[in-house]
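Q: Provided below for reference: sequence and predicted model.
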Amino acid sequence: MTSAKEPENSGELKFKGLAAAPGIAIARLYKIAGDSKPEAPVSRGIAPDAVAAEQARFSAALDQTRAELLALRERLSKEINSKDAEIFDAHLMIVDDRMLYDEVMQMISGRLESAEYSFYTVIERYASAIAVMPDAYIQERAADIRDVASRVLRNLQRTGEPEWHFKDGEKYIVVAADLTPSDTAGLDRSQVLGFATEAGSKTSHSAVLARSMQLPALVGLRGFSELKSGMPAIIDGYTGVLIANPSQETRDFYEKRLEDMNRFLASLAQESKLRPETQDGFMVQLSSNIESVDDLDMVKRSGSCGVGLFRTEYMFLTRKTPPDEEEQLAVYRKLLEGLGDEPLIVRTLDIGGDKLDGELKRYAENNPFLGLRGIRLALRERREILRTQLRALLRAGVYGNLRVMLPMISCVEEIREVQEIIADLQCDLGREHKEFVEHLELGAMVETPAAALMVEHLAKLVDFFSIGTNDLVQYTMAIDRGNDRVAYLYQPGHPVILDLVWRCAQVARRHNIYVSVCGQAAGDPRLALLFAGLGVHELSMVPANLNQVRRVIRQMTMFEAEQAGQAALQCATSKEVMQIANDVLNKVAPEVLALILADDE
Amino acid sequence: MTADNSAESEVVVLNELGLHARPATMLAKKAMEYKCDLYLIKDGESFNLRSVMNILMMAAGKGARLVIRGIGDDACRAVAEIKELVNSKFGED
């Protein structure tokens, strides 16, 4: 660590980004060079048994490039006239060029060259031939080819796991042009204290992951190019600021802030065993959102009542082939046994949108968030994966309190279809004399306006609702949550969102089924209290937020929360809603309010 | 290769800029619609019609005489339709 007086502390640099995950980290920067122009690869040869892997890497880089170009074209076609966006059609055709593909594949297998070198050699041959064409117009196309080439090369160089060269015992703040969810998940928590990326929005998957990993993070960082590895730095995940070469004064300020924060969080942590019961005796179930068996310890420590959302994607995304039935069964069983009687809610594979990766990335869509994702993809194109998962779940159910929920429901047929599959699988399992549950508790995720508006019908088919606020906000407000230009409209406290939650809770009460909120908003104490007041039974969040929400629940009355909830429904704007919530919070738990207001600065 | 599943036709590039990026893209896209192998032949040299880069490398300007050759089941239809596309000047004015 640096000593108290260091001359380099003179030139303090401050960079603004979006606060993606709360917390403060003080460490040296570790920069992953990202967006620079890739260098010409050199011939280094590969082993014969590496051919398949190199070819797969090449295919994956082409897929990723295609997806990027489609997204770029989509964005540009909105900003400029569509004729200009057509230039990307030419780029896309280069990516899809059959000859190019075949030649590169052949070079990898025939000459045992790396994907980078093979691709570079082949495309450079085309580009240089075209660059000397007599026609000036065609000459210029060489630039297009080289543009696409550098994109593909960049993706090729990134498709492998990033290589970390950490010094033993040193702590780092990672800065990168972008981190994929799997890069983020792969960060070594013993050495990485936080990260900042140039790309992304608050609700991008890496940001969600950072919150769940309790890793302070910034996204949408400006001035990325001025940052260098080795610079001492501070990231403030509350206000969204990165300070490089901090002055001693700044450093002291943040060190004190970090200490205060840790002390407050420690005092909250002491309450983790207390029941989340309001002053007037109502229980609000508090549970955790997790993505792997490794999170079990954190769930236990945070005094959570089971798991309200187990995202199974990571089980699939961090590897090349999907886990088979036995492997999944082992995971679910381990979780259920670890949780004892407490419930485990498993969400079936929710692939789509920004989570596509590796083997599962086969579907480039112009608008993936409105495309074949969640239950749609599972039912229509990846039915085998769904069947395997449901089989594993049916068998796992005998080991504990298991519930299963279906993502992206937008019509009743989807639920009926899953129920038919379940009945079918139960038949098979019975014939095979395997142990399984007769009644698998099944829930519908309410994360599309369609689902929220037809809860009455859904209620007749399922045992519970789980409101996924992240997607519900995205689809109701009609904003892409990866697009930071419309991030201001990402308002989970919008009256219309509360109205949908209220509908859901009323219908659930009438049908005597339970309703949970498992989006990010459930972990915001202000929204948590409104949701509880609107009749939500369970709030599921990243374990890191449980203690502050518990403190609020324990210090409020349900009566207050209900009144606040009803008043919020009458509001016209998010701002008015948040004001109501702030007022209640200020009364019942001002110390928690102070913590979030720092977050909102 | 038998004569009954191949087809050939001569065509002249009519549009002002020749087979630059957009027409090349349109041609390659069109060529993907057929099962048969498709080539453009210029001065005896043959270029794969499914490859934008191959088409660009032909450097076929206005007035260039080309032969479209298709080999495979739907060659006849493919050659006729591609000829039509070239003759339409790719929608350029």
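A: Nice, I can see it.
Q: Tell me how far B:Lys29 lies from B:Asp37.
A: 16 Å (CB to CB, to the nearest Å). Glycine gets a C-beta too; all of them are placed from N, C-alpha and C.
Q: What confidence value was assigned to A:Ile87?
A: A:Ile87 is assigned 62 on the pLDDT scale.
Q: Also the one 3 residues further on?
A: A:Ala90 is assigned 72 on the pLDDT scale.
Q: ok, it - contacts?
A: A:Arg141, A:Asp144, B:Ala21, B:Arg22, B:Ala24, B:Thr25, B:Val52 (CB atoms under 8 Å, 6 or more residues apart in numbering or on different chains).
Q: Repeat that for A:Ile94.
A: A:Ile94 neighbours (CB under 8 Å, 6+ apart): A:Leu100, A:Asp144, A:Ile145, A:Val148, B:Val52, B:Met53.
Q: Give me the neighbour count for A:Ser410.
A: Other residues within reach of A:Ser410 by the criterion other CB atoms under 10 Å in any protein chain shown amount to 17.
Q: Quickly find the element holding A:Leu218.
A: Element membership of A:Leu218, judged by DSSP states H and E, is strand A:217-219.
Q: And the next helix or strand past that strand?
A: Immediately after strand A:217-219, counting by DSSP H and E, sits strand A:232-236.
Q: Okay, the nearest residue to A:Gln555 once chain neighbours are set aside and A:Arg526: tell me how far apart.
A: For A:Gln555, ignoring the flanking residues on the chain, the nearest one in space by CB to CB, 6 or more residues apart in numbering or on different chains is A:Val588 at 4.4 Å. Noted for A:Val588: a distance of 11 Å to A:Arg526, by CB to CB.
Q: Name the residue in those two with the higher neighbour count.
A: Neighbour comparison, A:Val588 and A:Arg526: the larger count goes to A:Arg526, with 26 against 22 (by other CB under 10 Å).
Q: Other residues contacting the helix or strand harbouring the more buried one?
A: If you go by DSSP H and E, A:Arg526 is part of helix A:525-533. The contact list for helix A:525-533, computed with CB under 8 Å, 6+ apart, reads A:278, A:284, A:492-493, A:498, A:501, A:517, A:521-522, A:539, A:541, A:545, A:548-549, A:551-553, A:556, A:558, A:560-566, A:568, A:577-578, A:580-582, A:584-585, A:589, A:592-593, A:596.
Q: cool, and stretch A:497-504?
A: A:446, A:449, A:452-453, A:455, A:465, A:467, A:469, A:472-473, A:476, A:491, A:515, A:517, A:530-531, A:534-536, A:565, A:568-569, A:577.
Q: Flag every buried residue along stretch A:288-302.
A: A:Ser288, A:Asn289, A:Ile290, A:Glu291, A:Ser292, A:Asp295, A:Leu296, A:Met298, A:Val299, A:Lys300, A:Ser302 (16 or more other CB atoms under 10 Å in any protein chain shown).
Q: which residues does the second one form a beta bridge with?
A: To tie it back to what came earlier, the one meant is A:Asn289. A:Leu309 (DSSP bridges).
Q: Could you measure from it over to chain B?
A: Going from A:Asn289 to chain B by CB to the nearest CB, to the nearest Å gives 44 Å.
Q: Surely that residue touches A:Val542?
A: Yes. A:Asn289 is within contact range of A:Val542, at 5.6 Å (criterion: CB atoms under 8 Å).
Q: any residues in contact with both of those two?
A: By CB under 8 Å, 6+ apart, the residues touching both A:Asn289 and A:Val542 are A:Ser212.
Q: Strands of chain B, start to end?
A: Ranges of strands in chain B, per DSSP state E, are B:6-12, B:37-42, B:45-48, B:65-71.
Q: Which one, of those strands, ends up nearest to chain A?
A: Ranking the strands of chain B by proximity to chain A (CB to the nearest CB) places strand B:45-48 first, at 5.4 Å.
Q: buried ones in the closest one?
A: B:Phe47, B:Asn48.
Q: do the same with stretch A:473-480
A: So stretch A:473-480, judged by 16+ other CB under 10 Å, has buried residues A:Val473, A:Gln474, A:Tyr475, A:Thr476, A:Met477, A:Ile479, A:Asp480.
Q: what's the closest non-adjacent residue to A:Val152?
A: Closest to A:Val152 by CB to CB, 6+ apart is A:Thr65, at 4.9 Å.
Q: Return the residues in contact with the closest residue to chain B within the stretch 501-601 of chain A.
A: Closest approach between the stretch 501-601 of chain A and chain B, counting by CB to the nearest CB: A:Gly519, at 41.3 Å. A:Gly519 makes contact with A:Glu447, A:Ile467, A:Gly468, A:Thr469, A:Asn470, A:Asp471, A:Leu472, A:Val473, A:Pro492 under the criterion CB under 8 Å, 6+ apart.
Q: Look up phi and psi at the closest residue to it other than its chain neighbours.
A: Nearest non-adjacent residue to A:Gly519, counting by CB to CB, 6+ apart: A:Thr469, 2.8 Å away. The phi/psi pair for A:Thr469 (degrees, to the nearest 10) reads phi -70, psi -30.
Q: Give me the neighbour count for A:Thr469.
A: A:Thr469, neighbours per other CB under 10 Å, totals 24.
Q: mind listing the helices for the stretch 251-400 of chain A?
A: Counting by DSSP state H, counting those that start in this stretch, the stretch 251-400 of chain A has helices at residues A:296-301, A:313-317, A:325-339, A:375-380, A:383-396.
Q: Pull out the CA atoms of the second one and give them to me as CSV.
A: What it means is helix A:313-317. The C-alpha coordinates for helix A:313-317 follow below in CSV (Å, rounded to 0.1, in the frame of the first residue of the first chain):
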residue,chain,number,x,y,z
GLU,A,313,-28.3,-18.8,-16.2
TYR,A,314,-24.9,-18.7,-14.7
MET,A,315,-24.9,-22.5,-14.4
PHE,A,316,-25.3,-22.5,-18.2
LEU,A,317,-23.3,-19.4,-19.2
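Q: Quick check: residues of chain B near chain A?
A: With CB under 8 Å from any CB of the partner chain as the criterion, chain B meets chain A at residues B:17-18, B:20-22, B:24-25, B:28-29, B:48, B:50-54, B:56-57, B:59, B:61.
Q: Just the ones of these in helices?
A: The members of those that map onto helices under DSSP state H are B:Ala21, B:Arg22, B:Ala24, B:Thr25, B:Ala28, B:Lys29, B:Val52, B:Met53, B:Asn54, B:Leu56, B:Met57.
Q: and the fifth one, what is it in contact with?
A: B:Ala28 makes contact with A:Met93, A:Asp97, B:Leu49, B:Arg50, B:Ser51, B:Val52, B:Ile55 under the criterion CB under 8 Å, 6+ apart.
Q: Could you tell me which of these count as buried?
A: A:Met93, A:Asp97, B:Leu49, B:Arg50, B:Ser51, B:Val52, B:Ile55.
Q: just those: which has the poorest pLDDT?
A: A:Met93 (80).
Q: Give the next helix or strand downstream of the helix or strand where that residue lies.
A: Here A:Met93 sits within helix A:87-95, counting by DSSP H and E. Using DSSP H and E, the helix or strand that follows helix A:87-95 in sequence is helix A:98-111.
Q: ok, is that next one in contact with chain B or not?
A: Yes. Using CB under 8 Å from any CB, helix A:98-111 reaches chain B at A:Arg98, A:Met99, A:Leu100.
Q: For A:Ala27, list each beta-bridge partner.
A: A:Ala233.
Q: my guess is it meets A:Leu193, correct?
A: Yes. Counting by CB under 8 Å, A:Ala27 does reach A:Leu193; the two are 4.8 Å apart.
Q: before we move on, back to that, phi first, then psi, for the residue of the stretch 501-601 of chain A closest to chain B.
A: Dihedral angles (degrees, to the nearest 10) for A:Gly519: phi -80, psi 180.
Q: can you check A:Leu539 too?
A: According to degrees, to the nearest 10, A:Leu539 has phi -120, psi 120.
Q: Run a quick neighbour tally on the residue nearest to it when sequence neighbours are not counted.
A: Nearest residue to A:Leu539 in three dimensions, chain neighbours excluded: A:Ala522, at 4.2 Å (CB to CB, 6+ apart). Neighbour count of A:Ala522, defined by other CB under 10 Å: 30.
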